[in-house]
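Participant: kindly return the folded structure for what I paste below:
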Amino acid sequence: MRNNVVIVRGAEKDVNPITKGKFVLRMGGGPEYRRIGLCSLLLLAQFLLQLLFIPQASTFGQIMFMSSVAASWTYNSFLSSLEPEKIQLDILWKALDNPRLTKFGLKSRAAQAVFACLVLGDGTHKLSVDFKPKKVLQRFISNDTRTVAEQLENNKKEKSFALNSEDLRGFKDHERALLESLLRDARDAYGGYQEQVHRIRDNSHISEKQVLPPDSSVQSRV
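Facilitator: The predicted structure follows:
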């Protein structure tokens with residue numbers, strides 16, 4: 001689903017090849033690629049010969065020709081049905097030696113944003129001193145998130161996503177409703193994070209041994 005959020009944990013130098021890398025198809029024989037040219041000529045010759053000889057063939061030969069065309073069409077349809085994203089994911093997983101995954105379900109975009117910030121800013125596996133929850137929240141949520149960001153950025157062990165009447169003074173009714181909804185989602189995400197924090201910390205994260213060097217390539221047959 002397009003609403004999924006993937007969090008890759010590890011040192012920046014190990015995570016960058018995954019988040020900023022790309023798949024490149026390398027073929028032998030370059031830059032002339034004579035084998036590809038020869039195969040193209042053979043296919044063209046086959047097409048011309050079929051146009052010349054098939055009409056002169058017997059009924060059985062014509063039936064066999066149509067059967068081969070149907071088989072070829074079925075095979076091409078099968079190749080077209082393969083999802084490129086799944087193929088790339090399988091290649092990546094093999095390159096990373098099948099790392100473990102932990103999946104969580106959250107009910108709203110705001111809860112996803114807060115949960116992601118909590119995981120990335122975890123004290124035990126804090127990945128970067130430059131991590132700023134406010135930037136993550138702004139990418140997820142278009143509303144003002146200063147109140148939530150302040151709680152995520154503080155160093156207190158316990159975080160509070162609640163406001164009193166003084167804090168809500170000056171807000172209009174619709175602004176107050178939006179803020180209360182955001183804080184409610186943040187509290188739900190924080191509660192879920194506290195329940196699952198041991199699973200998150202125990203789960204393995206990307207290490208240097210799992211990441212391919214920049215000049216290496218992964219080979220896969222489809």
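Participant: using the three-state scheme, assign Ser142.
Facilitator: Secondary structure assignment for Ser142 (DSSP: H, G, I helix; E, B strand; the rest coil): coil.
Participant: what residues of the lowest-mean-pLDDT helix or strand in the chain count as buried?
Facilitator: In the chain, no helix or strand scores lower on mean pLDDT, DSSP states H and E than helix 146-153, which sits at a mean of 76. For helix 146-153, a neighbour-count test (16 or more other CB atoms under 10 Å) marks Val148, Ala149, Gln151, Leu152 as buried. Where C-beta positions appear, they are placed from N, C-alpha and C, glycine not excepted.
Participant: from these, which two are the most distant?
Facilitator: Ala149 and Gln151 (7.4 Å; CB to CB).
Participant: on that earlier part again, now render the buried residues of helix 146-153 as TSV, adding distance to Ala186.
Facilitator: Listed next are the buried residues of helix 146-153 as TSV, based on distance: CB to CB, whole Å:
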residue	distance to Ala186
Val148	5
Ala149	10
Gln151	8
Leu152	9
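Participant: which other residues reach stretch 141-151?
Facilitator: Identification of contacts with stretch 141-151 by CB atoms under 8 Å, 6 or more residues apart in numbering yields 109-110, 113-114, 133-134, 137-138, 159-161, 163, 167, 178-179, 182-183, 186.
Participant: which of the residues you listed are buried?
Facilitator: Buried by 16+ other CB under 10 Å: Ala110, Ala113, Val114, Pro133, Leu137, Lys159, Phe161, Leu179, Leu182, Leu183, Ala186, out of those.
Participant: what about stretch 141-159, how long is it end to end?
Facilitator: Stretch 141-159 stretches 20 Å from its first residue to its last (CA to CA, to the nearest Å).
Participant: what about the longest helix in this protein?
Facilitator: Secondary structure of the chain per DSSP state H: the longest helix is helix 173-202.
Participant: hey, where'd the helices end up in this structure?
Facilitator: Using DSSP H, helices in the chain cover 12-19, 34-53, 59-81, 84-95, 109-120, 133-140, 146-153, 173-202.
Participant: would you reformat those as TSV and include distance to Thr102?
Facilitator: Listed next are those as TSV, based on distance: least, CB to CB, whole Å:
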stretch	distance to Thr102
helix 12-19	17
helix 34-53	44
helix 59-81	31
helix 84-95	15
helix 109-120	10
helix 133-140	19
helix 146-153	20
helix 173-202	6
